[in-house]
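> Test case, fold it:
(chains A and B)
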Number of protein chains: 2
Amino acid sequence: MPLPVLDFWFDFASTYSYLAAMRIGPLAQKAEVRVRFRPFLLGPIFKAQGWSTSPFNLYPAKGRHMWRDLERSCAELQLAFRRPDPFPQNSLLAARVALVGLDQAWGEEFCLAIFCAQFADGRRIDDTAAISDILAGLKLDPKSALAAAQSDAIKARLRTQTDEAQRLGVFGAPSFTTADGELFWGNDRLEPALRWAKAAANRG
Amino acid sequence: MPLPVLDFWFDFASTYSYLAAMRIGPLAQKAEVRVRFRPFLLGPIFKAQGWSTSPFNLYPAKGRHMWRDLERSCAELQLAFRRPDPFPQNSLLAARVALVGLDQAWGEEFCLAIFCAQFADGRRIDDTAAISDILAGLKLDPKSALAAAQSDAIKARLRTQTDEAQRLGVFGAPSFTTADGELFWGNDRLEPALRWAKAAANRG
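Next comes the predicted model:
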């Protein structure tokens, strides 16, 4: 029987997506659930809610709590953490490259490398030079990956994927969706989402 | 040695405060932490962020997810759940009565009864008749409790308590604060907040 599937929706600029990305592999393996990485862009979705930037910037008390909470959470999870500057970074190019990689064998590894570069090492992820460095660090050819990322097909695919997220009710990241139509929002919902996907498959 | 203290900040109209209120007693006992119930009003704090009502009403996608998530979470916790109508309810009177009860011996029991009336039974909690019923159900004298709740001293105390929440950085409910100045937001942060309070006391 094929494993149940959980879709993992994230934006590379999203702080709690970093935590979810670092946690999801081992947890999914243990839960016997197959995870599909689905990068998308929060920007258009935030805009539809009337926000011009991250709500963590728009609402300072919420933002202060988030940075401290992230610091505490990373300490508990023994994950490195450095606050990126600027925040949020433009994640468009990274998301396009990720789509290229997810068609090939290196997508998930690239995604984790982007998250670590930004949130563990405090590096930029928003320009060609930064992405090239990260690709080179993974022994990949930056030139061909970046060329593919700028193709019309990949650009269209990222738009489609963002539209799909919005249609599924996604309003923030990370989010998780199941084959039977459930939406779970937030790193804190990773475990319940995996339990749901598994239980739905057993019922199903 | 006295137990470490965790302050539990909640608004009776807050959905995730229901979950936290139902969970906090046994978890705090197990963690050997003393919890102080601190009812306050989200209204003035939301207003300061430019919101005229709950963000779950202002942002429909966020609201849809919250109601479904609450339903799923209650099922996992084996807690009854009925969506209250209207939402949010005016929690002013309930908060004042709670302050009276917390000075006496029946405060926490009253708080849990208010949350259950609203979120397990789908009852109103926003007027004198509703609160009287709940007080009577706890074998308390509604008349004297309500009279005390409308005293200037209690009215002032609720304002002071709401100001204190805001000064501590509280921007939503439930929230938890520790003696050493940490703020944790959300029902999902109850366990980490208890761990922090306990560890800080051991260090201290």
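
> Tell me, how many residues neighbour the closest residue to A:P55 other than its chain neighbours?
Residue nearest to A:P55 in three dimensions, not counting chain neighbours: A:K62, with 6.4 Å by CB to CB, 6 or more residues apart in numbering or on different chains. Every residue, glycine included, has its C-beta placed from N, CA and C. A:K62: 17 surrounding residues under other CB atoms under 10 Å in any protein chain shown.

> tell me the SS of A:K62?
Using DSSP: H, G, I helix; E, B strand; the rest coil, the structure places A:K62 in helix.

> And the one 4 residues further on, by the same measure?
Three states are possible here, and by three-state DSSP the one that applies to A:M66 is helix.

> Contacts only, for it.
Neighbouring residues of A:M66 by CB atoms under 8 Å, 6 or more residues apart in numbering or on different chains: A:15, A:56.

> gap between it and B:P192?
For A:M66, the distance to B:P192 (CB to CB, to the nearest Å) stands at 14 Å.

> cool, A:K47 as well?
From A:K47 across to B:P192, the span is 33 Å (CB to CB).

> neighbour-wise, which of these two wins?
In terms of neighbours (other CB under 10 Å), B:P192 is the more surrounded of A:K47 and B:P192; the figures are 17 against 11.

> For chain A, list the residues in contact with chain B, please.
Residues of chain A lying near chain B by CB under 8 Å from any CB of the partner chain: A:49, A:59, A:61-62, A:64-65, A:68-69, A:72-73, A:76, A:169-172, A:182-186, A:188-189, A:192, A:196.

> Now A:C116, what are its backbone angles?
Note on A:C116: backbone dihedrals following degrees, to the nearest 10 are phi -70, psi -40.

> The one 3 residues further on now?
Here the main-chain torsion angles of A:F119 (degrees, to the nearest 10) amount to phi -100, psi -20.

> Does it touch A:S14 like I think?
No - in this structure A:F119 lies outside contact range of A:S14 using CB atoms under 8 Å: 9.8 Å.

> Give the burial count for A:R64, as a bare number.
Look at A:R64: counted by other CB under 10 Å, it has 14 neighbours.

> can you check A:P44 too?
13.

> repeat for A:D85
Neighbours of A:D85 using other CB under 10 Å come to 8.

> nearest spatial neighbour of it, skipping sequence neighbours?
Nearest non-adjacent residue to A:D85 (CB to CB, 6+ apart): A:G122, at 7.3 Å.

> Next one, pLDDT for the one you found please.
We have a pLDDT of 94 for A:G122.

> do the same with the one 3 residues further on
A:I125 carries a pLDDT score of 96 in this model.

> phi, psi of it?
Per-residue torsions, A:I125: phi -130, psi 20 (degrees, to the nearest 10).

> OK, contacts around it?
For A:I125, the contacting residues are A:12, A:89, A:91, A:94, A:114, A:117-118, A:131, A:134, by CB under 8 Å, 6+ apart.

> One more pass at 6 Å, please.
Counting by CB atoms under 6 Å, 6 or more residues apart in numbering or on different chains, A:I125 makes contact with A:89, A:94, A:114, A:117-118.
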